[in-house]
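Asks: A predicted structure for the sequence below; I have some questions about it.
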Amino acid sequence: MPGTEDNEAVNEPVNDPLAPLRTPEGLALLDAVRGTDPAQELAVATRLRREHPAELVSAALGQARLRQRAVAKFGAEDAPRMFFTPHGVEQSTRASVAAYRARRLTALGVTSVADLCCGIGGDAIAMARAGIRVLAVDRDPLTVAVARANAEALGLAGLVEVRQAEVTEVDVSPYDAVFVDPARRGGRGRVFDPEAYSPPLSWAVRAAARAPHAALKVAPGIPHEAVPPEAEAEWVSDGGDVKEAVLWFGTEPGAVRATLLPGPRTLLGRGLPDPEVRPVGRYLYEPDGAVIRAHLVAEVAEELGGGLLDPTIAYVTTDTARPTPYATGYEITDHLPFNVKKLKALLRERRVGTLTVKKRGSAVEPEELRRKVKPQGPGAATVFLTRVAGAPAMLVGQPLAGG
């Protein structure tokens, strides 16, 4: 990889804020506090401070808390070996999503990537494990130290060069691909305007043009009109939760896809017109969130041979059950106009005690509805608060076996 001749010198920690935790004493403390119950932290800290510096004990306990939180994203094998910051745990890519993206890059023939805004190194780790050499860049010294420590802890330092720099000043031309994950949070929370990202989307698009391939991570709610015409737009969900959108360059300009993990299963857009509105059928399908974000509900409706309950609601209704990985199916037993008293009576008659409430196009909050209907009994049901042909409605049903 260009620039890796001095990789060892580049990766040498300078004023590394994690250095105390990576000494033999620090590593022993990290082992000692692994899995500490939050309720026992004070007692554990008091005991350990008799033999270790108070600051080091506090740092170890802080890492233990972050590692426990990180298991959901990085897994029970990697998380206990890695280092984190609170922001890094929250903002880093889930390992399964990063691994999928790395596989896409290798399928494109990519062997080296400039990872700009690398954060704590989650994507760099996935790419390195796929055999890609990575230049990981961030401007924050602590974040760089954490990314470097993670590459070393997981045995990937030979493939990951970590550099502290302004990403706008990095020459990406020697690399096969560019990956940019700009900051999408400001002082007031999430940033929705792509030009308010740090760095802005327009800069990332220009950076993408300087390499044969590029992947730009953006918020799932990015307006479709903000997607550059030369980009492919992909929305990714994992376990049914939408995780991100990615703009790909050097692949299929104008293509739109929804990818569902695990799998992966990918639905490509075909530019279909909006589905027709139909009366409520025996079955209702709730498309995966990535399908909805990608505006591919029409593709799912065509696959199912169904239509919409309402022109503005992403629920598909059919008269026949058809399995699809892109939507969750339910058999509808009752179709009621919105009326809490009627729903309460129906649930009492069916002895429904476990009630799942889903809503689209309704202002009623699920918990508020549960309080009012007071479900009791051994049965279970799902109620959809939605609109049918513009009118508020309640649909009651059961999930289909196998989804």
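Replies: Nice, thanks for sending it over. Numbering: from 1, shown residues only.
Asks: quick one: contacts for Lys372?
Replies: Contact analysis of Lys372 by Cβ atoms under 8 Å, 6 or more residues apart in numbering lists Val340, Lys344. C-beta here means a position set from N, CA and C on the backbone, and glycine is covered the same way.
Asks: Please shift the residue numbers so they start at 29 in all later answers.
Replies: Understood, numbering begins at 29; the last thing we discussed is Lys400.
Asks: did I read that right, it in a helix?
Replies: Yes: the assignment for Lys400 by DSSP: H, G, I helix; E, B strand; the rest coil puts it in a helix.
Asks: And it, how far from Ala409?
Replies: 15 Å (Cβ to Cβ, to the nearest Å).
Asks: Then Thr74?
Replies: Using Cβ to Cβ, Thr74 is found at 51 Å from Ala409.
Asks: of the two, who's got more company?
Replies: Using other Cβ atoms under 10 Å as the criterion, Thr74 and Ala409 rank with Ala409 on top: 22 against 10.
Asks: Any idea what the more buried one is bridged to?
Replies: With DSSP bridges applied, Ala409 shows beta-bridge pairing to Leu383.
Asks: So it sits against Leu375, correct?
Replies: Yes: using Cβ atoms under 8 Å, Ala409 makes contact with Leu375 at a distance of 6.9 Å.
Asks: anything in contact with each of the two?
Replies: In contact with both Ala409 and Leu375: Leu383, using Cβ under 8 Å, 6+ apart.
Asks: hey, C-alpha coordinates of stretch 243-258 in PDB?
Replies: Output in PDB follows, covering the C-alpha atoms of stretch 243-258 (Å, rounded to 0.1, in the frame of the first residue of the first chain):
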ATOM      1  CA  ALA A 243     -18.200   4.300  -0.700                       C
ATOM      2  CA  LEU A 244     -19.700   7.200   1.200                       C
ATOM      3  CA  LYS A 245     -21.700   6.400   4.300                       C
ATOM      4  CA  VAL A 246     -24.700   8.700   4.800                       C
ATOM      5  CA  ALA A 247     -27.700   8.900   7.000                       C
ATOM      6  CA  PRO A 248     -30.600   6.500   6.000                       C
ATOM      7  CA  GLY A 249     -32.900   9.400   5.800                       C
ATOM      8  CA  ILE A 250     -30.900  11.200   3.100                       C
ATOM      9  CA  PRO A 251     -33.300  12.700   0.500                       C
ATOM     10  CA  HIS A 252     -33.200  10.700  -2.800                       C
ATOM     11  CA  GLU A 253     -32.800  14.000  -4.600                       C
ATOM     12  CA  ALA A 254     -29.500  14.500  -2.800                       C
ATOM     13  CA  VAL A 255     -28.000  11.400  -4.200                       C
ATOM     14  CA  PRO A 256     -25.600  12.300  -7.100                       C
ATOM     15  CA  PRO A 257     -26.600  10.900 -10.400                       C
ATOM     16  CA  GLU A 258     -23.300   9.100 -10.800                       C
END
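Asks: from the chain's centre, how far out does it sit?
Replies: 15 Å (Cα atoms, centre = their mean, to the nearest Å).
Asks: Identify all contacting residues around it.
Replies: Under Cβ under 8 Å, 6+ apart, the answer for stretch 243-258 is 121, 129, 132-133, 205-210, 212, 218-220, 222, 225, 229, 232-233, 236, 259, 261, 263, 270-277, 281-282, 317-318, 321, 323.
Asks: my guess is Ser390 is in a helix, correct?
Replies: No: counting by three-state DSSP, one finds Ser390 to be coil, located in no helix.
Asks: so it sits right up against Thr414, yeah?
Replies: Yes: counting by Cβ under 8 Å, Ser390 does reach Thr414; the two are 6.1 Å apart.
Asks: More neighbours: which of these two?
Replies: Taking other Cβ under 10 Å, Ser390 and Thr414 do not tie; Thr414 has more neighbours (23 against 19).
Asks: Run through the bridge partners of the more buried one.
Replies: Ala421.
Asks: Look at stretch 222-230 and report the distance between its end residues.
Replies: Stretch 222-230 stretches 8 Å from its first residue to its last (Cα to Cα, to the nearest Å).
Asks: where in the stretch 29-178 of the chain is pLDDT low?
Replies: By pLDDT under 70, the low-scoring segments of the stretch 29-178 of the chain are 29-44.
Asks: For Arg167, which non-adjacent residue is closest in space?
Replies: Glu194 (5.4 Å; Cβ to Cβ, 6 or more residues apart in numbering).
Asks: Now for the one you found, how many residues are close by?
Replies: Using other Cβ under 10 Å, Glu194 has 11 neighbouring residues.
Asks: Isn't it up against Asp168?
Replies: No: Glu194 is beyond contact range of Asp168, at 10.8 Å (criterion: Cβ under 8 Å).
Asks: Just the buried ones out of the contacts of stretch 243-258, please.
Replies: 121, 129, 132-133, 205-210, 212, 219, 222, 225, 229, 232-233, 236, 259, 261, 263, 270-277, 317-318, 321, 323 (16 or more other Cβ atoms under 10 Å).
Asks: Sort out for me which of those are in strands.
Replies: 205-208, 261, 263, 270-277 (DSSP state E).
Asks: on that earlier part again, intersection of neighbour lists for Ser390 and Thr414?
Replies: With Cβ under 8 Å, 6+ apart as the test, Ser390 and Thr414 both reach Pro420.
Asks: Go ahead and confirm Thr384 touches Ala409.
Replies: Yes: using Cβ under 8 Å, Thr384 makes contact with Ala409 at a distance of 7.3 Å.
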